[in-house]
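Peer 1: Test case, fold it:
(one chain, ligands or ions: 1)
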Amino acid sequence: MTTSAEAVVERIIRDSPLAEQINRAHDFHCQICGDRLTLHRGFYAEGAHIRPLGKPHNGPDEPGNLLCLCPNHHVLFDRGMITIQADLTVMDTASGNSLGHLRVIQNHETNQDHLDYHREIIAKQS
Ligand SMILES: [Zn+2]
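Peer 2: Model (predicted):
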């Protein structure tokens, strides 16, 4: 059985150097809600792949396929409870309501093909 402490460690270690770089560029603020977690060692955010890595989705580990998210929004996004429209409006899948606009910064562009894939494949099979 995995303890919750082990689960937390796994999540932190899983973030690639690229994800860490993206999180730093966003100063660890979630691109959906703007929250930033403060831990003893510093700020914390998660690098969320829009098109998942590995089979069967084979998403790339590149900046355009990454979002800087808080843990709650990372889970909701991965499970397809949240999608992002082409104009970067964040949508709540269950209600169909807008949750506002994705928070963006200069020098980190979100790839539209990966957002399409997330809406068409991930959100519909989750
Ligand atoms: Zn968030």
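Peer 1: sec struct for the most centrally placed residue in the chain, please.
Peer 2: Among the residues of the chain, Ala48 comes closest to the average C-alpha position under Cα atoms, centre = their mean, at 3.0 Å. Taking DSSP: H, G, I helix; E, B strand; the rest coil as the rule, one finds Ala48 in the strand state.
Peer 1: Distance-wise, check it relative to His40.
Peer 2: Using Cβ to Cβ, to the nearest Å, one gets 23 Å for the distance from Ala48 to His40. Where C-beta positions appear, they are placed from N, C-alpha and C, glycine not excepted.
Peer 1: Also Leu102?
Peer 2: Shown here: Leu102 relative to His40, a distance of 29 Å by Cβ to Cβ.
Peer 1: Looking at these two, which is more packed in?
Peer 2: Leu102 (16 against 4; other Cβ atoms under 10 Å).
Peer 1: Now do the contacts for the nearest residue to that one once chain neighbours are set aside.
Peer 2: Nearest-residue entry for Leu102: Leu88, 4.1 Å, with adjacent residues in sequence omitted and distances by Cβ to Cβ, 6 or more residues apart in numbering. Applying Cβ atoms under 8 Å, 6 or more residues apart in numbering, we find Leu88 in contact with His101, Leu102, Val104, Thr110.
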